[in-house]
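Participant: any chance you can model this:
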Amino acid sequence: MNRPTAVELLLVEDNPEDLEMALRALRKANLANHIHVARDGAEALEFIFCEGAHVGRSIADTPKVILLDLKLPKIDGIEVLKRLKDDPRTKIIPVVMLTSSKEQSDVVASYKLGVNSYIVKPVSFEQFNQAVRELGLFWLLLNQPPQKAEKQAQRPDGSHG
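Facilitator: Numbers count the residues shown, from 1 in each chain. Now for the predicted structure:
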């Protein structure tokens, strides 16, 4: 994940207007350097699990955070979340549900499956920009994720234990 080309943020969004607003907000906050966009759930899963067009990727190069829409074509956000959290290789990737759904059943289902945060998309352009900017700042710069397994096993003197 330390390589400069590693994806830091996976943005899964099918709405072109919301996608453009999110990318613009991330660019404005200087957080748009290493973003991959998936426009449906199937594309997101292929990226995450290194399948299809992404077969050359290493699953060890996980994004720092996934911003996931709930209502997606092909495979919805709940199913994407379920597959992520069911797999030990991807279980600890933080997932933020960024959706227009205020349905309590969607909120409960997301948290039961292990979502890290559930954000309802603000209606106004400026509120949406601010929400995405703050999400990016928190998850990409402030949040302290667990180290990779190989780093955890390394002793301070550089040897492995």
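Participant: ok, residue 57 touching residue 50?
Facilitator: Yes: counting by Cβ atoms under 8 Å, residue 57 touches residue 50, with 4.5 Å between them. (Each C-beta comes from the backbone N, C-alpha and C, glycine too.)
Participant: give me phi/psi at the spatially most central residue of the chain?
Facilitator: Nearest residue to the geometric centre of the chain (Cα atoms, centre = their mean): residue 66, 0.3 Å. When read as degrees, to the nearest 10, the backbone of residue 66 gives phi -120, psi 120.
Participant: then residue 99?
Facilitator: phi -140, psi 160.
Participant: measure it to residue 49 for me?
Facilitator: The gap separating residue 99 from residue 49 is 22 Å, by Cβ to Cβ, to the nearest Å.
Participant: please apply the same query to residue 79.
Facilitator: 13 Å.
Participant: please apply the same query to residue 8.
Facilitator: Taken as Cβ to Cβ, the span from residue 8 to residue 49 is 18 Å.
Participant: now do the same for the residue nearest to residue 85 when sequence neighbours are not counted: helix, strand or coil?
Facilitator: Distances taken as Cβ to Cβ, 6 or more residues apart in numbering put residue 114 closest to residue 85, at 4.0 Å, once the chain neighbours are dropped. The three-state label given to residue 114 by DSSP: H, G, I helix; E, B strand; the rest coil is coil.
Participant: more neighbours: residue 99 and residue 49, which one.
Facilitator: residue 99 (23 against 17; other Cβ atoms under 10 Å).
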